[in-house]
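> whatever this is, show me its structure:
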Amino acid sequence: MLKVDQLRLGFTAGRRMLLAVDGISLTISRGETFALLGESGCGKSATAQAIMRLLPPAGRMLGGSVSLHDEALLALPEAEMRTVRGARMAMIFQEPATSLNPVMTVGAQIGEVLSRHLGLRGPAAHERMLALLRQVGIADPERRLDEYPFQLSGGMKQRVMIAIALAGEPDLLIADEPTTALDVTVQAQILDLLARLQVERGMGILLITHDLGVVARMAHRIGVMYAGELVEVASREAFFSSPQHPYTQALFAALPDIARRGSRLKTIPGQVPALDAMPGGCRFAERCTHCMPLCREDSPIWRSVALTHQLRCHWSGDVLSSETNLSGPPDDPAGNTETPFLAVDALKVHFPIRRGLLQRTVGHVRAVDGVSLAISAGRTLALVGESGCGKTTVGKALLQLIRPTAGSVRLGGSELVGMPSGPLRSARRQMQMVFQDPFASLNPRLRVGEIIAEGMAALGLAGEAIEQARAVAALLRQVGLPDDAAGRYPHEFSGGQRQRIAIARALAVQPALLICDEPTSALDVSVQAQILNLLKTLQAELGVAFLFITHNFAVVEYLAHDVAVMYLGRIVERGRAEEVLRAPRHPYTQALLSAVPAPRLDAQSAIIRLPGETPSPANPPSGCHFHPRCQQATDLCRQQYPESRVISATHTVNCHFAA
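Numbering: from 1, shown residues only. Predicted structure coming up:
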């Protein structure tokens with residue numbers, strides 16, 4: 001259905017042309033999913049944009065062809081290409097916050113596609129919009145249609161973008177990190193939806209992702225991309241049983257796992273070469289542990305190692321099985337008994353719902369509804385749960401970026417709730433936050449060096465200009481960026497690189513507690529390994545505590561000492577990581593863990609699919625909030641919210657049937 005042949009594209013920089021994609025060839029048949037893997041900056045998204053003919057102004061097609069159903073897309077006039085986009089092919093972009101129109105409602109943006117490509121208007125279009133939002137797991141779709149993107153969480157924005165892409169019923173779907181911002185249950189729901197549509201419509205999918213678990217569940221064939229070139233293409237079975245290219249093997253070795261908690265993750269030294277500094281020979285040679293003189297001189301040609309497995313590599317040594325990537329025993333077997341550095345008690349954040357001409361308050365959104373938790377110095381608490389359950393609101397309320405409605409937040413013995421702005425400003429040096437969307441949280445008018453130094457200056461830690469520049473350079477090296485990054489602007493970096501800048505900015509004031517809101521969701525596995533190693537080092541050397549808000553359970557297994565599971569504004573289960581992840585007692589926790597995609601073919605387990613949708617926090621169910629979706633629910637669950645039940649000294653569950 002799709003044929004890409006020797007595609008070459010570049011970007012103009014002054015009078016130079018920088019080659020970004022160099023001779024990519026791939027095919028996708030009807031009903032097939034082709035996964036494209038690789039680090040940030042390898043050219044994956046540029047390839048997808050070229051197929052859609054959506055390159056930025058500096059982008060130039062330099063050669064090759066792209067055909068869909070034997071129609072040459074690169075030769076079509078732009079007017080005809082507009083009829084192809086959205087109807088015959090559609091794209092889910094990586095950063096929903098920058099891809100959705102901020103001045104149009106969700107309904108208006110979905111309605112554009114329905115009107116343009118399917119001719120649907122009025123009540124028929126409205127019903128189709130509601131059905132699409134329900135398909136992608138958005139609760140209360142009637143209300144969401146009239147909302148703007150800024151009113152939605154990161155995961156909800158991603159689901160809206162998926163709904164827009166599916167609205168035109170395309171033959172080819174290009175999905176650029178489609179589940180990055182989604183929790184595991186919604187991710188499973190979206191992947192099931194895509195798989196079902198693929199079977200029903202024969203839809204082809206080009207899946208760009210760094211999540212090997214998603215690849216194991218979805219892909220039929222996999223291509224690994226490095227520095228603008230494909231270096232390995234294989235069927236799913238061949239790829240996961242015997243990855244051949246040293247780069248592919250390094251990606252597997254960088255995966256976090258609970259068996260590696262006591263050791264550092266393996267990382268790939270160096271970085272993807274810049275477009276203006278592409279080496280001769282093999283482009284991976286500088287970072288390869290098997291590099292030979294031949295690798296620096298000659299670019300390897302394609303060779304077949306099996307009928308469904310080809311690669312470009314001079315080295316033909318031992319094959320590394322993707323199953324044997326474990327090392328080191330789990331650490332921290334004992335529970336924590338220290339006095340907590342951060343103590344949160346019965347925290348509530350309720351947002352008023354205003355209606356009418358006079359904007360009268362007619363109800364409240366109970367985003368956080370009585371959360372209690374504690375974190376000790378040098379420990380990591382992972383806060384997990386579905387998108388929209390209130391995790392990010394908890395993080396912002398701890399920093400008093402959102403004023404709590406009720407409850408207590410004590411940091412090192414000082415009460416933050418109600419603290420005057422002057423002392424609160426000083427107290428914020430002890431707590432910093434890494435936000436989920438790095439593009440939205442970085443000032444586009446400031447250079448990276450100014451962004452990192454801004455916090456130091458605001459809190460009186462800047463020192464002299466030379467000293468400040470040294471501190472900025474050291475922070476950039478810590479998070480794996482070159483010194484010259486300080487003089488560039490955020491838009492000049494990839495999504496993963498922008499997240500590293502955000503982490504460097506948070507570390508600049510040497511906080512005692514770092515609140516990390518999905519800090520590795522935009523990172524590929526090799527860079528994720530660098531960040532996780534960095535966080536572990538900081539914790540070991542400085543005693544930094546972490547509140548880690550995430551839906552990536554592999555990261556939770558590797559990094560967290562304790563886990564709290566959140567559902568609809570309340571914590572339903574908490575305990576040591578080993579207790580919650582290995583012996584979950586709450587039905588919701590069990591469903592979450594069953595939906596985690598494993599990066600191994602032999603570990604694909606049955607998913608507990610939750611019926612219905614997550615209720616709206618504006619109208620939570622009576623009794624246990626989870627009872628409408630729980631298969632074990634009884635009349636008691638519908639009438640009475642369960643008390644906290646003690647399973648062990650460190651493990652508690654809010655469930656009537658936890659025992």
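
> where does this structure dip in pLDDT?
Counting by pLDDT under 70, the chain has low-confidence residues at 181, 258-259, 262, 318-338, 462, 522, 603-605.

> show me it divided up by domain.
Domain segmentation of the chain under automatic domain parsing yields 222-325, 342-654.

> so which of those is nearest residue 182?
When the domains of the chain are compared by Cβ to Cβ, domain 342-654 sits nearest residue 182, at 6.4 Å. (C-beta placed from N, C-alpha, C; glycine too.)

> off-centre distance for that closest one?
13 Å (Cα atoms, centre = their mean, to the nearest Å).

> can you give me the end-to-end span of that domain?
22 Å (Cα to Cα, to the nearest Å).

> and of the domains of the chain, who's closest to residue 108?
domain 342-654 (20.6 Å).

> on that earlier part again, Throw the domains of the chain into a markdown table and include mean neighbour count, thanks.
Output for the domains of the chain, formatted as a markdown table (neighbours: other Cβ atoms under 10 Å):
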| stretch | mean neighbour count |
| --- | --- |
| domain 222-325 | 18 |
| domain 342-654 | 19 |
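
> nearest to residue 143 among the ones you listed would be which one?
Checked against Cβ to Cβ, the stretch from the domains of the chain lying closest is domain 342-654, at 7.5 Å.

> residue 184 is nearest to which of the domains of the chain?
When these are compared by Cβ to Cβ, domain 342-654 sits nearest residue 184, at 4.2 Å.

> quick revisit: for the domains of the chain, give me JSON lines that also has distance to residue 8.
Formatted as JSON lines, the domains of the chain follow (distance: least, Cβ to Cβ, whole Å):
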{"stretch": "domain 222-325", "distance to residue 8": "9"}
{"stretch": "domain 342-654", "distance to residue 8": "20"}
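
> between the ones you listed, which one is closest to residue 193.
When the domains of the chain are compared (using Cβ to Cβ), the closest one is domain 342-654, at 11.9 Å.

> before we move on, the earlier item: which one of the domains of the chain lies nearest to residue 127?
domain 342-654 (17.0 Å).

> how close does residue 145 sit to residue 274?
For residue 145, the distance to residue 274 (Cβ to Cβ, to the nearest Å) stands at 44 Å.

> repeat for residue 34
Counting by Cβ to Cβ - residue 34 and residue 274 are separated by 27 Å.

> also residue 230?
Residue 230 sits 20 Å away from residue 274, taking Cβ to Cβ as the criterion.

> residue 361 now?
Distance of residue 361 to residue 274, given as Cβ to Cβ: 54 Å.

> what does residue 639 give?
Taking Cβ to Cβ, one finds residue 639 at 63 Å from residue 274.

> middle-most residue in the chain, spatially?
The chain has residue 521 as the residue nearest its centroid, 2.6 Å off, counting by Cα atoms, centre = their mean.

> please name the strands paired to the strand ranked longest in the chain in the sheet, noting orientation.
Assignment by DSSP state E gives strand 360-375 as the longest strand of the chain. Strand 360-375 has the following strand partners under DSSP bridges: strand 342-355 (antiparallel).

> show me where the stretch 251-400 of the chain has strands.
For the stretch 251-400 of the chain, strands defined by DSSP state E, counting those that start in this stretch occupy the ranges 302-306, 309-312, 342-355, 360-375, 380-384.

> now for the domains of the chain, which one comes closest to residue 99?
Going by Cβ to Cβ, the one of those nearest residue 99 is domain 342-654, 10.5 Å.

> which stretches in the stretch 51-200 of the chain count as strands?
59-68, 71-72, 89-92, 172-176.

> give me whichever of the ones you listed is most buried.
strand 89-92 (a mean of 26; mean count of other Cβ atoms under 10 Å).

> list the helices and strands that one packs on?
Judged by 3 or more Cβ pairs under 8 Å, 6 or more residues apart in numbering; DSSP states H and E, the packing partners of strand 89-92 are helix 44-52, helix 154-167, strand 172-176.

> send the alpha carbons of the first one over as PDB?
It refers to helix 44-52. In PDB, the C-alpha atoms belonging to helix 44-52 read as follows (Å, rounded to 0.1, in the frame of the first residue of the first chain):
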ATOM      1  CA  LYS A  44      12.100   9.300  12.400                       C
ATOM      2  CA  SER A  45       9.700  12.200  12.600                       C
ATOM      3  CA  ALA A  46      11.200  13.900   9.600                       C
ATOM      4  CA  THR A  47      10.600  10.800   7.600                       C
ATOM      5  CA  ALA A  48       6.900  10.800   8.700                       C
ATOM      6  CA  GLN A  49       6.500  14.500   7.800                       C
ATOM      7  CA  ALA A  50       8.000  13.900   4.400                       C
ATOM      8  CA  ILE A  51       5.500  11.100   3.700                       C
ATOM      9  CA  MET A  52       2.700  13.500   4.700                       C
END
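
> start to end distance for stretch 599-606?
15 Å.

> go on, stretch 166-179?
14 Å.

> same question, stretch 273-280
End-to-end distance of stretch 273-280 (Cα to Cα): 11 Å.

> try stretch 270-284
10 Å.

> same question, stretch 201-221
19 Å.

> how about it: buried residues?
203-221 (16 or more other Cβ atoms under 10 Å).

> ok, now stretch 120-139?
120, 125-126, 128-130, 132-133, 135-139.

> starting at the chain centroid, how far to it?
Distance, stretch centre to chain centre, for stretch 120-139: 26 Å (Cα atoms, centre = their mean).

> once you drop chain neighbours, what's closest to residue 205?
The spatially closest residue to residue 205, leaving aside those adjacent along the chain, is residue 33, at 4.3 Å (Cβ to Cβ, 6 or more residues apart in numbering).

> state the distance from that neighbour to residue 200.
Counting by Cβ to Cβ, the gap from residue 33 to residue 200 is 15 Å.

> so for these two, which residue has more residues nearby?
Taking other Cβ atoms under 10 Å, residue 33 and residue 200 do not tie; residue 33 has more neighbours (24 against 10).

> tell me the secondary structure at the closest residue to residue 65 other than its chain neighbours.
Using Cβ to Cβ, 6+ apart and skipping residues adjacent in sequence, the residue nearest residue 65 is residue 5, 4.9 Å away. Following DSSP: H, G, I helix; E, B strand; the rest coil, the label given to residue 5 is strand.

> can I assume residue 39 sits in a strand?
No. Using three-state DSSP, the secondary structure at residue 39 is coil, not a strand.

> picking that back up, out of the helices and strands packed on strand 89-92, which is closest to residue 582?
Smallest distance to residue 582 across the helices and strands packed on strand 89-92 (Cβ to Cβ): 26.2 Å, for helix 154-167.
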